[in-house]
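**Student:** Using only what follows, build the 3D model:
(one chain, ligands or ions: 1)
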Amino acid sequence: MGRFEVVIEGGSPGNTVSSTRNFHRLIRLPAREIGVEGRLVGRIFHLSDSQLADCKSPARYEWVNQFAGDPAWSELIPGYRPQEFLVAAALTAMIRTINETERVREGFEVAVFTGDAIDNAQVNEFSNFLAVFGGGSVCIESGDRDRSYVYADGFADGLFWHPDPGAGSDIYKREFSFPSVEGLLEQAFDAFVSEGISIPWYFVNGNHELLVQGVSPAMAELDAIAKGSLKQVGPPKSMEDPLGSALDRPAELFTSGTAREVSLDARRRLIGRRDIADALWSAPGVPQGHGVSQGSEILYYEAALSEEVVLVALDTAYASGAASGAIAPEQARWLVRVLESYSTAHWDEAGEPVAGTGIDRLIVVSGHHPLHTMNNQRALAEEYLGQDWLARTLLRFPNVILYLNGHTHQHQVKLLRRGDGSGFYELTTGSIMDWPNQGRAIDIVRSKGQLSLVCNPLDIDVPTDPDNSDGIQRLAAWHRLLAANAPVKLAQPMVRQVLNLPLPRWLI
Ligand SMILES: [Fe+2]
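**Tutor:** Below is the predicted model of the structure:
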């Protein structure tokens, strides 16, 4: 049993979690000072996967964590994280961090959030996410202000962390030396005000927006459970195929085991694509709609990021279930048309060059799912398109320079190349929710003969020790400290990287 402490492992040179203020020094560096000569044509703050949760919802199955390590349950785990009730504060502090970086100039900086903004496909979760991003009052409380949720003492046999000093033992205190923190729950469930992001931001749809716990289709039975007053606190009496149940008979996961009465809240209604578009259109901040069209169920779009850069945002979530992604046939046809419209030349599917009629722009594609997770078997059986099609299609268009995504809660950089050395980078950015709680700042720099993508890790600018701050900053510091000490830490912190690509011919 280790002592509960700040964990610093790996980290970016000069920019580990212990020295987050160095971020400002790094991001302000002109590219040439780190060996990159050229002209900045756009800066993207890439954030992903906050999984902002209604922690008291009856439509969450936190108890699945007791089956950690059992392959039959692996697709449904984790259902709970000890830091999850603090993530709204962490995201608010991240937005303040971005606001406090020096602005380059109007029209050059945007934020792109690549999905899983919320945890459980609920209306009240998405309203809180939009209040955090757009500015306004945020309150993660739902139901009555009581302890009818898993953090309450005596709830679910100590499977969850109970911060109250008077609470009994739990697995986090026993096995991971988690502390008691007086007043943390009360403060986290109090309303607070987010200042909102000061630059344009774009929303990309993820599986946790449409699917209960990121897996189960949002069917009417689950909507009734979400809005109801009975919360299951333990596993069903028997469950031979957990994933199959989650996909086809999800109500079983919420109704056939030990349950407790909880306070109900109609705002826990499950959300759909049209609700998401409507909420984005009535949210504060710019641009209005944050990329999506008004009055539509279509959450994929194109948008100009700067004079030379366009964003092409995909919607890779599959509403009929499973966490993995795919692209519907009509969206695939749309994507090809958009890529053609921003290219004067490309290759056809047979590999033959095609002279097009589009206008040339640098194309940044974004979606929630990394290419290797674009393999939703049910969707592919319905003629959706997956990883092979998407990779091949993006490679056919030489103006595509990036595919930004999230989902795995890990940072990853991959170069997909053509035979001539050109290609695009797939950048997967880790989550706000889990360690190391970072985003990525990407400077697109045009120089003689090449494009440089200067990627800086983006740490939440709060002290390492929560006791050295107060208010939202203190909650955000607790969020990161708990995430750093949680038993599951998938990701390594990001290091700063300069990624180079040959300049498209039209820019030479
Ligand atoms: Fe996801």
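
**Student:** and the stretch 351-500 of the chain, which residues reach the ion?
**Tutor:** Contact residues, the stretch 351-500 of the chain versus the ion (CB under 5 Å from the ion): residue 407. Placement of C-beta: from N, CA and C, glycine included.

**Student:** can we see that at 8 Å?
**Tutor:** Taking CB under 8 Å from the ion, the part of the stretch 351-500 of the chain that reaches the ion is made up of 368-369, 406-408.

**Student:** Which of the residues you listed sits closest to residue 418?
**Tutor:** Comparing these against residue 418 with CB to CB places residue 369 closest, at 22.6 Å.

**Student:** and the residue in the stretch 401-508 of the chain positioned nearest to the ion, how many neighbours does it have?
**Tutor:** Residue of the stretch 401-508 of the chain nearest the ion, by CB to the ion: residue 407 (3.8 Å). The burial count assigned to residue 407 is 28, neighbours taken as other CB atoms under 10 Å.

**Student:** and what of the one 10 residues further on?
**Tutor:** By the other CB under 10 Å criterion, the neighbourhood of residue 417 contains 13 residues.

**Student:** do residue 50 as well
**Tutor:** 28.

**Student:** residue contacts, it?
**Tutor:** By CB atoms under 8 Å, 6 or more residues apart in numbering, the residues touching residue 50 are 87-88, 90-91, 113, 116-118, 129, 431-433.

**Student:** Export these as TSV, with columns for neighbour count and secondary structure.
**Tutor:** TSV is the format used below for the contacts of residue 50 (neighbours: other CB atoms under 10 Å; DSSP: H, G, I helix; E, B strand; the rest coil):
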residue	neighbour count	secondary structure
87	31	helix
88	28	helix
90	26	helix
91	28	helix
113	28	strand
116	27	coil
117	29	coil
118	26	strand
129	25	helix
431	26	coil
432	30	coil
433	25	coil
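
**Student:** what's the closest of the residues you listed to residue 486?
**Tutor:** The shortest distance between residue 486 and any of those, using CB to CB, involves residue 433 and amounts to 10.1 Å.

**Student:** Using the three-state scheme, assign residue 482.
**Tutor:** State at residue 482, reduced to three classes by DSSP: H, G, I helix; E, B strand; the rest coil: helix.

**Student:** was I right about it contacting residue 84?
**Tutor:** No. With contact defined as CB atoms under 8 Å, residue 482 does not count as touching residue 84 (9.1 Å).

**Student:** In this structure the residue of the stretch 401-508 of the chain closest to the ion contacts residue 51, no?
**Tutor:** No. With contact taken as CB under 8 Å, residue 407 and residue 51 are classed as non-touching, separated by 10.8 Å.

**Student:** Between those two, which contacts overlap?
**Tutor:** When CB under 8 Å, 6+ apart defines a contact, the residues bordering residue 407 and residue 51 alike are residue 116.

**Student:** who's in contact with residue 41?
**Tutor:** Contacts for residue 41 (CB under 8 Å, 6+ apart) come out as 108, 306-309, 362, 444-446.

**Student:** other SSEs contacting the helix or strand encompassing residue 278?
**Tutor:** Assigned by DSSP states H and E, residue 278 belongs to helix 273-282. In this structure, helix 273-282 packs against helix 123-134, with contacts taken as 3 or more CB pairs under 8 Å, 6 or more residues apart in numbering; DSSP states H and E.

**Student:** quick one: terminal-to-terminal distance for stretch 382-400?
**Tutor:** Across its full length, stretch 382-400 reaches 27 Å end to end, with CA to CA, to the nearest Å as the criterion.

**Student:** cool, and stretch 267-286?
**Tutor:** End-to-end distance of stretch 267-286: 25 Å, with CA to CA as the criterion.

**Student:** List the buried residues for it?
**Tutor:** Residues of stretch 267-286 classed as buried under the neighbour-count rule (16 or more other CB atoms under 10 Å) are 268-273, 275-280, 283, 285.

**Student:** can you list contacts of the next helix or strand after the helix holding residue 278?
**Tutor:** Proceeding N to C from helix 273-282, the next assigned helix or strand is strand 301-304, under DSSP H and E. Outside of strand 301-304, the residues that reach it under the criterion CB under 8 Å, 6+ apart are 202, 287, 291-293, 310-313, 338, 361.

**Student:** all helices for the stretch 1-150 of the chain, in order.
**Tutor:** Using DSSP state H, counting those that start in this stretch, the helices of the stretch 1-150 of the chain run over 22-28, 87-100, 123-134.

**Student:** With mean pLDDT and distance to residue 61 as added columns, please give the ones you listed in JSON lines.
**Tutor:** Formatted as JSON lines, the helices of the stretch 1-150 of the chain follow (pLDDT from 0 to 100; distance: least, CB to CB, whole Å):
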{"stretch": "helix 22-28", "mean pLDDT": "43", "distance to residue 61": "37"}
{"stretch": "helix 87-100", "mean pLDDT": "95", "distance to residue 61": "18"}
{"stretch": "helix 123-134", "mean pLDDT": "98", "distance to residue 61": "16"}
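
**Student:** how about those in CSV, adding distance to residue 494?
**Tutor:** Converted to CSV, those look like this (distance: least, CB to CB, whole Å):
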stretch, distance to residue 494
helix 22-28, 11
helix 87-100, 14
helix 123-134, 22
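
**Student:** I'd like the ones you listed laid out as JSON lines, including distance to the ion.
**Tutor:** Formatted as JSON lines, the entries for these read as follows, by distance: least, CB to the ion, whole Å:
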{"stretch": "helix 22-28", "distance to the ion": "26"}
{"stretch": "helix 87-100", "distance to the ion": "15"}
{"stretch": "helix 123-134", "distance to the ion": "14"}
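
**Student:** right, and residue 450 touches residue 502 too?
**Tutor:** Yes. Using CB under 8 Å, residue 450 is in contact with residue 502, at 5.8 Å.

**Student:** of all the residues in the stretch 1-150 of the chain, which ones are close to the ion?
**Tutor:** That would be 49, 115-116, which are the residues of the stretch 1-150 of the chain within reach of the ion (CB under 8 Å from the ion).

**Student:** would you list the residues you listed in CSV and tack on pLDDT and distance to residue 217?
**Tutor:** Output for those, formatted as CSV (pLDDT from 0 to 100; distance: CB to CB, whole Å):
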residue, pLDDT, distance to residue 217
49, 98, 21
115, 98, 17
116, 98, 17
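
**Student:** between those residues, which is closest to residue 496?
**Tutor:** Within those, proximity to residue 496 (CB to CB) peaks at residue 49, which comes in at 21.1 Å.

**Student:** how about that closest one, what does it touch?
**Tutor:** When the contact criterion is CB under 8 Å, 6+ apart, the partners of residue 49 are 114-116, 206, 406-407, 409, 430-434.

**Student:** now the residues you listed in a markdown table, with distance to residue 177?
**Tutor:** As requested, the contacts of residue 49 are exported to a markdown table (distance: CB to CB, whole Å):
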| residue | distance to residue 177 |
| --- | --- |
| 114 | 34 |
| 115 | 33 |
| 116 | 29 |
| 206 | 33 |
| 406 | 30 |
| 407 | 31 |
| 409 | 23 |
| 430 | 24 |
| 431 | 24 |
| 432 | 24 |
| 433 | 21 |
| 434 | 19 |
